[in-house]
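J.: test case, fold it:
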Amino acid sequence: MSSGLTIVRTTTAKVNLALAVGAPEGERGYHPISSWMAPVDLRDTLTLTPLDESRASRYAILWHDDAPRRTDIDWPIAKDLAVRAHHALEARLGARLATQLRLDKRIPVGSGMGGGSSNAAAMLAALRDAYSLAIDDDALREIGASIGSDVPYFLDEGDVPRAAIVEGLGDRIERLERRDSDIWLAMVFPPFGCNTGAVYRAFDETLGADHELRAEEVRRLAMSGEIVSEALFNDLAIAAAMVQPALGDMRAAAARSTDSPAHVTGSGSGLFVVARDADHAEWLAIRLRDDLETPTRAVRVFI
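T.: Sure thing, here's the model as predicted:
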């Protein structure tokens, strides 16, 4: 039974402040990870309206006017992660949940910031609220994991997920206590994305077979309570630059422009530079935009 009320949720992007990747395991060759994930205040908006059960669900995915980088929305609607989340929940319950979805996107596609996964998590939570479903958080996380490894991270209390140490195949999530921090990044959004599968294949060709998972190093950074730019790392950064050589060039240019390390988030292509405060982040974003001739934005990171 639906509430009949329209539900609006913001869906938050994330950055990988540290990302360790291990050698592939098992028949499917999945890679164990250990990552310090944290949300940032770049957000999509999901608007969900329950429909009469006799009606067909409908979906609209659009770029918001203030999106930092737009690309063609050219993927089949059935492959969108929010739509897949809707279908997966219907299949789990064996029931139709007729729904109208409008998704206004700001998080760039293929940026390594988890926009699609965040959308899927918000869709599951919004459907539960709209239809007053008797399904618990663990079940939602299980459904989410079947859609994408990052989806369970975004299923947390409140509108903004807590930072976490995420391990295994994304299934082990250790939430960190919320800190009253005022930490800012200057994000760079290159005019291209990185295909995650291609990045992992490049990782396997270079480091994957013998690479040791640096889980303790990730944990030490995450538990420190601060972000020290020089200590951050991403084991996929080199592989991402192999897939998109321009990313390596842009990363080096960003470091020269700011005299600070430029870090890859996830499997790319998003880059970030750690700032001293909000004003410094705005200054860095403007400098990077002018020097790299690509969209940038100052964002707050919540650890």
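
J.: residue 109 reaches residue 81, doesn't it?
T.: No - counting by CB atoms under 8 Å, residue 109 stays clear of residue 81, with 10.9 Å between them. From N, CA and C alone the C-beta is placed, and that goes for glycine too.

J.: more neighbours: which of those two?
T.: Comparing residue 109 with residue 81 by other CB atoms under 10 Å, the one with more neighbours is residue 81, at 23 against 18.

J.: so who does the more buried one touch?
T.: Applying CB atoms under 8 Å, 6 or more residues apart in numbering to residue 81 gives the contacts 116-117, 119-120, 147-148, 151.

J.: what about those residues, which are in helices?
T.: 116-117, 119-120, 147, 151 (DSSP state H).

J.: state the pair within those that is farthest apart.
T.: Using CB to CB, the pair of those lying farthest apart is 119 and 147, separated by 10.2 Å.

J.: what do these two both touch?
T.: 81, 85.

J.: between the two, which one's more packed in?
T.: residue 119 (28 against 21).

J.: thinking again about what came up before, which among the contacts of residue 81 end up buried?
T.: Among those, those buried by neighbour count (16 or more other CB atoms under 10 Å) are 116-117, 119-120, 147-148, 151.

J.: just to revisit the earlier point, so what sits against both of residue 109 and residue 81?
T.: Shared contacts of residue 109 and residue 81, counting by CB under 8 Å, 6+ apart, come down to residue 116.

J.: dihedrals phi and psi, residue 221?
T.: phi -70, psi -50 (degrees, to the nearest 10).

J.: next one: it from residue 303, what distance?
T.: 10 Å (CB to CB, to the nearest Å).

J.: overlap in contacts of those two?
T.: residue 17.

J.: starting at the chain centroid, how far to the helix or strand of the chain with the lowest mean pLDDT?
T.: Ranked by mean pLDDT, DSSP states H and E, the helix or strand of the chain with the weakest confidence is helix 196-206, at a mean of 93. Centre-to-centre, helix 196-206 and its host chain are 19 Å apart (CA atoms, centre = their mean, to the nearest Å).

J.: for stretch 210-226, same thing?
T.: 19 Å.

J.: and stretch 85-104, by the same measure?
T.: Centroid separation for stretch 85-104 versus its chain: 21 Å, with CA atoms, centre = their mean.

J.: span of that stretch from start to end?
T.: 17 Å (CA to CA, to the nearest Å).

J.: in it, which residues are buried?
T.: Neighbour-count burial for stretch 85-104 [16+ other CB under 10 Å]: 85-86, 88-90, 92-93, 97-104.

J.: closest one to residue 171 out of the ones in helices among the contacts of residue 81, please.
T.: Once CB to CB is applied, the member of these that ends up nearest residue 171 is residue 151, at 10.6 Å.

J.: shouldn't that closest one be in contact with residue 119?
T.: No - Residue 151 lies out of contact with residue 119 (CB under 8 Å); the separation is 9.2 Å.

J.: need the overlap of contacts for these two.
T.: 81, 85.

J.: what about the helices in the protein?
T.: Remark: helices assigned in the chain by DSSP H are 81-93, 115-130, 137-147, 151-154, 196-206, 215-223, 237-243, 245-258, 278-292.

J.: nearest to residue 24, of those?
T.: Of the helices of the chain, nearest to residue 24 by CB to CB is helix 196-206, at 6.3 Å.

J.: who's in contact with that closest one?
T.: By CB under 8 Å, 6+ apart, helix 196-206 touches 21, 24, 29, 31, 208, 211, 235-236, 238-240, 242-243, 266-268.

J.: let me know the closest of the residues you listed to residue 178.
T.: residue 266 (22.2 Å).

J.: now do that closest one against residue 16, distance only.
T.: Counting by CB to CB - residue 266 and residue 16 are separated by 5 Å.

J.: please say which of those two ends up with more neighbours.
T.: residue 16 (29 against 24).

J.: so who does that one touch?
T.: Residue 16 touches 35-37, 112, 234, 265-266, counting by CB under 8 Å, 6+ apart.

J.: swap in 10 Å and give it another go.
T.: Listed by CB atoms under 10 Å, 6 or more residues apart in numbering, the contact partners of residue 16 are 33, 35-38, 112-114, 150, 166, 218, 232-236, 263-267, 270, 272.

J.: partner residues bridging it?
T.: residue 37 (DSSP bridges).

J.: model confidence for it, exactly?
T.: Looking at residue 16, its pLDDT is 98.

J.: same question for the one 4 residues further on.
T.: At residue 20, the pLDDT value in this model is 97.

J.: tally up the residues packed near the nearest residue to it once chain neighbours are set aside, please.
T.: Nearest residue to residue 20 in three dimensions, chain neighbours excluded: residue 214, at 4.1 Å (CB to CB, 6 or more residues apart in numbering). Neighbourhood size, residue 214 [other CB under 10 Å]: 17.
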